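Peer 1: predicted coordinates and the sequence they were generated for:
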Amino acid sequence: MHLLTLILLFFSSWIPYSIDFVNDDPNSKVTQSFYGICVLLVTFANVFLSISVQNIKEHKENLIEEIKKRRRKLYPDIIIKIIGLILCLTVFPMAMAFSVFIIILSDIFLELVTLVIS
């Protein structure tokens, strides 16, 4: 599990550099693709880390259910990011940034709805 945490931190450390590259040239497929790959690597590392935490036997059942529920939320996240990366590489370079923005807005909206309902 410690190795997965280090991998997550390693990929996360690339995010500021990729954002700086995108800031220099936002319409470049290369910079947007680099940003998209960094974001996807962080997401996949997060998924693998949650799987390894779930596999620890000493956790209570409600914690394991919460981990599973949060991981199910990541699947649409991954799909949207992959679609954004494909669109970035083929048609519209800023699609990757827009896909991340859409994911952020949807997460905020879902949290607000959850707060209102409960």
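Peer 2: Everything's here; your move. Numbering: from 1, shown residues only.

Peer 1: and residue 26, which of the three is it?
Peer 2: coil (DSSP: H, G, I helix; E, B strand; the rest coil).

Peer 1: buried set for the lowest-mean-pLDDT helix or strand in the chain?
Peer 2: For the chain, using mean pLDDT, DSSP states H and E, the weakest element among its helices and strands is helix 61-90, scoring a mean of 86. Judged by neighbour count using 16 or more other Cβ atoms under 10 Å, the buried positions of helix 61-90 are 67, 77, 80, 81, 84, 85, 87, 88, 89. Where C-beta positions appear, they are placed from N, C-alpha and C, glycine not excepted.

Peer 1: likewise for stretch 7-20?
Peer 2: By neighbour count with 16+ other Cβ under 10 Å, stretch 7-20 contains the buried residues 7, 8, 11, 14, 18.

Peer 1: quick one: end-to-end length of that stretch, please.
Peer 2: Its start and end residues considered, stretch 7-20 measures 21 Å (Cα to Cα, to the nearest Å).
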